[in-house]
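Q: Using only what follows, build the 3D model:
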Amino acid sequence: DGPARRALEDAAAQLRRPGVARRTARWLARAQRPSERAALRSLAASCPVPLRLVAGESDPLGAGAPDVPVTIVPGAGHHPQLTHPGEVAAAIAGAAAAAVPAR
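A: This is a model prediction of the structure:
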């Protein structure tokens, strides 16, 4: 897995930069607060453009996920865009094609 492995290694390397892991942990902890989750669900519900989530099969959205269409990438974890870029690109292309009226 050349490109996918390099992408994951690059993402992990970013966390080793001074202060990045600490800030990331703070942001992730904050994102788990019920008030933050409610705010994100509200934003998703009021989004003026079509919205679709793409999630890895091994990284479920869990309870409280917004009520929007979801594409699950089989075999993927938290970074499907890095480990399964073709599947994510296909999901985006498919959603875009479905959202654009035929001419």
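
Q: which residue ranges form the strands in this structure?
A: 53-56, 70-73 (DSSP state E).

Q: Now do the first one, average pLDDT.
A: pLDDT averaged over strand 53-56 equals 89, rounded to a whole number.

Q: which residues are contacting stretch 53-62?
A: With contact meaning Cβ atoms under 8 Å, 6 or more residues apart in numbering, stretch 53-62 is reached by 65-66, 68-81, 83-84, 88, 91-92. Quick note: C-beta positions are derived from backbone N, CA and C, even for glycine.

Q: what distance separates the start and the end of it?
A: End-to-end distance for stretch 53-62, by Cα to Cα, to the nearest Å: 13 Å.

Q: just stretch 36-55 next, same as before
A: 19 Å.

Q: just so I know, which of the strands of the chain lies nearest Pro3?
A: For Pro3, the closest of those is strand 70-73, at 16.0 Å, according to Cβ to Cβ.

Q: Please give the centre-to-centre distance between the worst-scoring helix or strand of the chain on mean pLDDT and its chain.
A: In the chain, no helix or strand scores lower on mean pLDDT, DSSP states H and E than helix 2-15, which sits at a mean of 81. Helix 2-15 sits 16 Å away from the centroid of its parent chain (Cα atoms, centre = their mean, to the nearest Å).
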